[in-house]
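[1] sequence first, then the predicted structure, then my questions.
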Amino acid sequence: MFRRLFRTVRGRYVLIISFLVISILVVLSFFSYQMIRTSIESRGRAHMDSAIRMISQQLDEEYTQALQISQHMTSRGVVGKQMNEMMRAKDMYELGEAKRKLGSNLQTVTAIGKQVELALYYSPEEGSITATTFMPKDNFNPAQGLPIARQTRSVTFHAIHESKSRFSNHPVVSVAWPDTFLFDRNLIIYVEVRTSVPELLKDINEEDASGYILFQLTKDGEICYCSHQEYANQDASAHCFDGSELFGMSNHLVWCKNQSNSGYTYVLAIPRSTFTEHMFQWIDYLIIGILIAIILICIAVALFNHLILRKLQLIVDAVNAVSRPELFMTSKRTGMTEYDNLMERFEDLLEYARQLIDEVRVKEEQKSKLELETLYYQINPHFLMNSLNSLYWLARLNKQKEISDYVHHLMEILNYSLGRGEKDPTLRRELDISRDYLALEQMKHRFTVIYEVEEGAYLDSPTPRLFLQPVVENAVSHGMDTDGHLKIIVQPDESGAVIVIDDDGCGIEPDLIQEFSSLDSIKMHGGIGLRYTASMLRQFYGEDCTLLLENKPEGGARATIHLSMWKEASHDTGTDY
């Protein structure tokens with residue numbers, strides 16, 4: 001039977017696929033188990049680490065709050081000083097008044113922390129409460145009967161326990177601070193703050209259905225608090241908490257340990273049975289998915305071989321020829337209508353792709369040139385504006401009016417060119433900027449500027465940013481003598497506005513006039529300013545806008561700009577920095 005199968009390509013194909021499927025099944029079953037186990041452990045460890053850090057941070061904040069309140073109650077604190085005043089009282093009236101102020105200060109300090117359950121002074125010598133916010137439970141002694149989480153030279157930090165207030169059974173954290181007051185009287189300052197950790201742990205368990213257990217350890221690694229009563233009386237060594245490892249497993253628990261910045265040690269654990277149950281559940285799902293995927297792959301491979309692969313090979317042979325740079329393909333026919341139609345569409349696509357590649361190549365070359373020019377002329381606007389502003393005020397302080405005016409005009413131009421201030425430029429603003437520029441030039445050269453601007457609503461129509469200044473600059477820098485005259489005429493017409501810039505200089509080169517005869521025919525090697533103006537006008541107004549340069553018979557040059565404002569324009573006013 002196997003010999004018959006091996007005599008045909010199809011038979012060999014089936015046997016090879018069957019062998020591969022079985023091999024993949026065995027290999028995937030082994031590695032999937034290892035991968036899932038590692039993944040579940042890593043994800044569980046990461047989640048436990050995140051949860052224990054959240055709990056640790058919350059407890060640190062609550063301990064800090066209790067410690068801050070107790071600092072106010074020491075002999076040097078606000079409340080403690082009032083306690084000294086009460087001890088210094090000479091008669092009943094002073095004693096009563098001091099007690100009243102002490103109680104008021106104590107209430108004020110504890111009111112800062114809304115979770116404060118109890119704050120008091122306890123006299124170990126008398127075995128009584130000297131002052132308190134609320135009545136504690138009977139026979140309460142802050143030096144006895146409370147679980148100790150951490151102890152310093154002066155302060156004892158208690159683990160989570162039930163409130164000692166007579167009116168509350170909430171879980172709290174507390175601190176006890178022995179201190180010496182007036183006349184060498186020793187008192188213990190006790191402050192407890194309601195903790196939200198049990199509620200936080202409950203929310204985490206409800207969200208993940210994990211059954212986390214929180215342990216709080218002493219400095220020696222002993223358990224001083226446990227959120228689950230079943231594990232409260234067990235030794236920490238039984239769960240391997242007493243080592244230096246931050247993550248581990250015992251016979252019953254999988255745990256993660258964290259030591260907070262304040263020196264407290266917390267352990268978050270989960271029953272090992274729950275942990276392994278989650279792991280095997282995911283393994284079952286993955287194995288089922290792998291089996292289904294393998295079956296579907298086998299079916300798909302068989303159908304693919306029978307229905308598609310044979311005919312597709314002809315298309316593959318034809319497509320392989322496309323790897324040449326010229327994207328040339330020899331046309332082949334498979335005898336099937338669908339595949340032949342596909343080949344025809346692919347040939348059309350190749351032709352379209354060749355056209356797109358040619359267009360993109362030309363555009364990329366133009367874009368590269370423009371980017372290089374942009375990078376060459378780029379500056380740091382923020383630094384430049386700060387420097388100019390400093391120069392402006394320095395000139396004003398030294399009463400250098402010409403310098404301050406020059407810098408002021410320059411700052412106006414730069415602010416406008418960088419897109420600061422008004423968002424949408426208008427024709428009126430463009431004229432103002434041109435005035436600023438001409439004011440700068442008139443400080444260097446003696447020439448006369450005449451404005452003939454007809455007032456109207458058209459002056460507030462949007463325009464491209466800085467389209468007018470390069471044309472004015474061209475008239476001043478390249479066409480006009482030192483003592484010449486420059487005339488700017490702006491008036492509305494039926495479709496927008498007409499701007500005429502007239503000078504009596506030496507005129508414009510014929511080649512430049514020829515180049516700007518049409519906005520669509522402008523080449524990419526002319527002057528940067530005029531090329532920018534032409535490009536922005538064409539982009540903003542489309543084909544209805546004209547920029548005409550001409551020499552006057554009597555001498556000088558004239559630039560005429562026609563703006564089609566009343567037609568829909570592309571309001572891209574330029575790049576803002």
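    All right, it came through fine. Numbers count the residues shown, from 1 in each chain.

[2] pLDDT weak spots in the stretch 351-500 of the chain?
    Regions of the stretch 351-500 of the chain meeting the criterion pLDDT under 70 cover residues 371-383, 420-423, 478-482.

[3] quick one: the strands in it, in order.
    448-453, 485-492, 497-503 (DSSP state E, counting those that start in this stretch).

[4] the stretch 1-150 of the chain now?
    Using DSSP E, counting those that start in this stretch, strands in the stretch 1-150 of the chain cover 116-123, 128-132, 148-151.

[5] deepest of these, which one?
    strand 116-123 (a mean of 23; mean count of other CB atoms under 10 Å). Any C-beta I mention is one placed from the backbone N, CA and C, and that applies to glycine too.

[6] which residues are in contact with it?
    The contact list for strand 116-123, computed with CB atoms under 8 Å, 6 or more residues apart in numbering, reads 65-66, 69-70, 73, 83, 106, 109-110, 128-134, 136, 140-143, 163-165, 168, 170, 172, 174, 185-194.

[7] swap the cut-off to 6 Å and go again
    With CB atoms under 6 Å, 6 or more residues apart in numbering as the test, strand 116-123 has contacts from 110, 129-134, 142, 163, 165, 168, 172, 187-188, 190-194.

[8] direction included, what does that strand pair up with?
    strand 128-132 (antiparallel), strand 185-194 (antiparallel) (DSSP bridges).

[9] rounded mean pLDDT for it, please.
    If you average the pLDDT over strand 116-123, you get 91.

[10] where do the helices sit along the stretch 401-550 of the chain?
    401-417, 427-444, 469-474, 510-515, 528-541 (DSSP state H, counting those that start in this stretch).

[11] redo those as a markdown table? Include mean neighbour count and distance to residue 29.
    Shown next, in a markdown table, are those (neighbours: other CB atoms under 10 Å; distance: least, CB to CB, whole Å):
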| stretch | mean neighbour count | distance to residue 29 |
| --- | --- | --- |
| helix 401-417 | 17 | 69 |
| helix 427-444 | 18 | 74 |
| helix 469-474 | 21 | 74 |
| helix 510-515 | 13 | 75 |
| helix 528-541 | 19 | 64 |
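
[12] I'd like those written out as TSV, with distance to residue 337 added.
    Output for these, formatted as TSV (distance: least, CB to CB, whole Å):
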stretch	distance to residue 337
helix 401-417	62
helix 427-444	62
helix 469-474	61
helix 510-515	55
helix 528-541	47
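
[13] out of the strands of the stretch 351-500 of the chain, which gets nearest to residue 37?
    strand 497-503 (77.1 Å; CB to CB).

[14] touching the closest one from outside, list them.
    Residues external to strand 497-503 that are found in contact with it (CB under 6 Å, 6+ apart): 458, 471, 475, 479-480, 486-491, 556-563.

[15] now the buried members of those.
    Among these, the ones that count as buried by 16 or more other CB atoms under 10 Å are 458, 471, 475, 479-480, 486-490, 556-563.

[16] what's the burial count for residue 88?
    Using other CB atoms under 10 Å, residue 88 has 12 other residues around it.

[17] need the phi and psi values for it.
    phi -90, psi -10 (degrees, to the nearest 10).

[18] so what pLDDT did it get?
    pLDDT at residue 88 comes out at 86.

[19] how much space between it and residue 95?
    Distance of residue 88 to residue 95, given as CB to CB, to the nearest Å: 10 Å.

[20] kindly report the same for residue 161.
    34 Å.

[21] neighbour-wise, which of the two wins?
    More neighbours surround residue 161 than the other of residue 161 and residue 95, with 18 against 15 (other CB under 10 Å).

[22] centre of the chain to stretch 203-220, how far?
    32 Å (CA atoms, centre = their mean, to the nearest Å).

[23] show residues contacting it.
    By CB under 6 Å, 6+ apart, stretch 203-220 touches 51, 149, 159, 201, 223-228, 265-270, 274.

[24] now, the residues you listed that are in strands?
    Using DSSP state E, the members of the contacts of stretch 203-220 that fall within strands are 149, 159, 223, 224, 225, 226, 265, 266, 267, 268, 269, 270.

[25] the helices in the stretch 1-150 of the chain, which residues?
    Under DSSP H, counting those that start in this stretch, the stretch 1-150 of the chain gives helices at 2-7, 9-73, 78-87, 92-112.

[26] report the angle between the second one and strand 265-271.
    Interaxial angle, helix 9-73 versus strand 265-271 (axes from the mean of the first three to the mean of the last three CA atoms, to 10 degrees): 140 degrees.

[27] repeat for the last one
    Orientation note: helix 92-112 sits at an angle of 50 degrees relative to strand 265-271 (the same axes, to 10 degrees).

[28] walk me through the domains of the chain.
    Per the record, the chain has its domains at 1-289, 324-376, 447-563, by automatic domain parsing.

[29] now those domains in JSON lines, with distance to residue 295?
    Shown next, in JSON lines, are the domains of the chain (distance: least, CB to CB, whole Å):
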{"stretch": "domain 1-289", "distance to residue 295": "9"}
{"stretch": "domain 324-376", "distance to residue 295": "28"}
{"stretch": "domain 447-563", "distance to residue 295": "59"}
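
[30] run the chain-centre distance for stretch 26-36.
    Worked out by CA atoms, centre = their mean, stretch 26-36 lies 38 Å from the chain centre.

[31] list the buried ones in it?
    Buried, per 16+ other CB under 10 Å, within stretch 26-36: 28, 32, 36.

[32] which helix or strand contains the closest residue to the last one other than its chain neighbours?
    It refers to residue 36. Leaving out its chain neighbours, the residue that sits closest to residue 36 by CB to CB, 6 or more residues apart in numbering is residue 283, at 4.9 Å. Here residue 283 sits within helix 272-303, counting by DSSP states H and E.

[33] which strands and helices sit next to that helix?
    Packing partners of helix 272-303 (3 or more CB pairs under 6 Å, 6 or more residues apart in numbering; DSSP states H and E): helix 9-73, strand 253-259.
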